[in-house]
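Participant: Need coordinates for the below:
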Amino acid sequence: MPETTPGTTQSPAVAADRLLDPADTDACERLARTLCTGEPDQVDDPEWVARARDAWEDAPVPLRRGVRRFRRDSGAHGTWVIGGLPVDQTALPATPSVPGSVQRRATVPAAVLTMVACGLGEPLAYRAEKSGALVQDVVPVPGQEDFHGNAGSVPLSFHTENGFHPHPPDYVVFLCLRADHDRIAGMRVAGIRQALPLLTPASRQALFAPEFITTPPPSFGPDAAASGPDVEPRPVLSGAVEDPDIRMAQLVTTPLTPRAAAALTEFGRACEATARTLRLNPGDLVIIDNRVTVHGRTAFHPRYDGADRWLQRTYVSTDLRRSRDHRPHDGHVLAR
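Facilitator: Modelled structure (predicted):
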């Protein structure tokens with residue numbers, strides 16, 4: 001039976017929504033290799049990103065069509081999983097095991113991630129998180145087992161990415177390079193479109209009120225709250241009443257009133273009741289609509305033997321112009 005964590009609702013593991021056929025996988029790999037010239041430190045170079053943006057136009061039609069449709073309508077779950085992406089498994093090095101690990105050199109997985117990001121919008125990073133790298137490793141780190149972030153291996157609570165920031169990403173994209181040894185690690189996702197009907201009118205009203213403070217997550221470091229953007233009260237839900245956006249992280253969102261506290265608890269229960277668990281295989285790519293979907297992780301057991309679970313992640317903005325005042329030289333990294 002799949003492992004579950006105490007107090008959570010068990011949900012079945014979910015397979016890919018679509019699997020690329022072998023011919024499209026091969027075509028995607030050939031395209032990714034055109035972006036891997038052997039030069040170091042390419043991924044964060046704006047010229048390399050521009051090449052990836054152009055290369056996306058030649059990606060296999062099923063991949064481009066799926067991304068385009070998801071960009072227009074992310075569906076009931078706000079999540080899309082496509083399997084069969086190339087990750088060059090035979091050439092993968094040992095799974096990184098150091099804090100702050102990122103991918104700066106162009107590789108097949110980094111190229112795939114960046115091309116998909118360009119299909120959705122533009123890749124985005126935050127200087128205070130993972131040194132502003134566009135492609136980041138999500139790997140267990142020795143000594144950080146209890147860390148509530150991408151370096152840990154304990155259960156990770158539901159959150160949207162960087163909801164404290166005036167410019168959170170619109171999408172988060174993960175690519176699985178290696179599964180965990182025991183195949184029990186699960187990415188948990190829950191969308192507002194399924195959770196909303198479970199909320200009482202009073203809780204909905206409270207969640208739309210600016211009665212919550214969300215601070216930077218632990219991945220931004222201990223001093224982020226003091227040095228980052230001013231944190232002001234915000235609602236958890238905003239936008240259309242019938243199809244709202246979410247900004248929330250169970251670990252770092254604090255309700256400011258009793259009704260806000262009750263509503264946040266009810267929202268957490270609704271997310272648990274509607275959550276799905278994604279157990280990823282190498283080559284599985286997950287796109288999460290960060291505006292309408294929260295995600296988390298089940299516990300797993302790293303061995304630190306070079307073959308541990310390894311995901312790579314990038315953020316995406318559909319409109320970089322919105323954050324122009326936060327991005328020096330019109331780059332892809334938000335400096336504050």
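Participant: Now do the contacts for Val173.
Facilitator: By C-beta atoms under 8 Å, 6 or more residues apart in numbering, Val173 lies in contact with Leu113, Val116, Ala117, Leu120, Leu285, Val286, Ile287, Ile288, Arg313, Thr314, Tyr315, Val316. C-betas here are computed from N, CA, C, even on glycine.
Participant: Quick check: the last one touching Pro169?
Facilitator: Spelled out, that is Val316. Yes. Counting by C-beta atoms under 8 Å, Pro169 is a contact partner of Val316 at 5.8 Å.
Participant: tell me the phi and psi of Val108?
Facilitator: When read as degrees, to the nearest 10, the backbone of Val108 gives phi -60, psi -50.
Participant: Among the contacts of Val173, which are located in strands?
Facilitator: Among the contacts of Val173, the members falling in strands (DSSP state E) are Leu285, Val286, Ile287, Ile288, Arg313, Thr314, Tyr315, Val316.
Participant: Val316 and Pro169: which has the busier surroundings?
Facilitator: Neighbour count, other C-beta atoms under 10 Å: between Val316 and Pro169, Pro169 has more, with 26 against 23.
Participant: per-residue confidence for the residue nearest to that one when sequence neighbours are not counted?
Facilitator: Once flanking residues are discounted, Pro169 sits nearest to Tyr315: 3.6 Å by C-beta to C-beta, 6 or more residues apart in numbering. Per-residue confidence (pLDDT) for Tyr315: 98.
Participant: Check the contact between Tyr315 and Ala125; I expect there is one.
Facilitator: Yes. Using C-beta under 8 Å, Tyr315 is in contact with Ala125, at 6.4 Å.
Participant: before we move on, back to that, show me whatever sits in contact with both of Val316 and Pro169.
Facilitator: Joint contacts of Val316 and Pro169 (C-beta under 8 Å, 6+ apart) are Leu124.
Participant: My read is that Gly186 contacts Val286, right?
Facilitator: No. Counting by C-beta under 8 Å, Gly186 does not reach Val286; the two are 11.6 Å apart.
Participant: These two: which has the busier surroundings?
Facilitator: More neighbours surround Gly186 than the other of Gly186 and Val286, with 26 against 22 (other C-beta under 10 Å).
Participant: that older thread, residues contacting the residue nearest to Pro169?
Facilitator: Contacts of Tyr315 by C-beta under 8 Å, 6+ apart are Ala117, Pro123, Leu124, Ala125, Tyr126, Glu161, Asn162, Pro169, Tyr171, Val172, Val173, Asn290.
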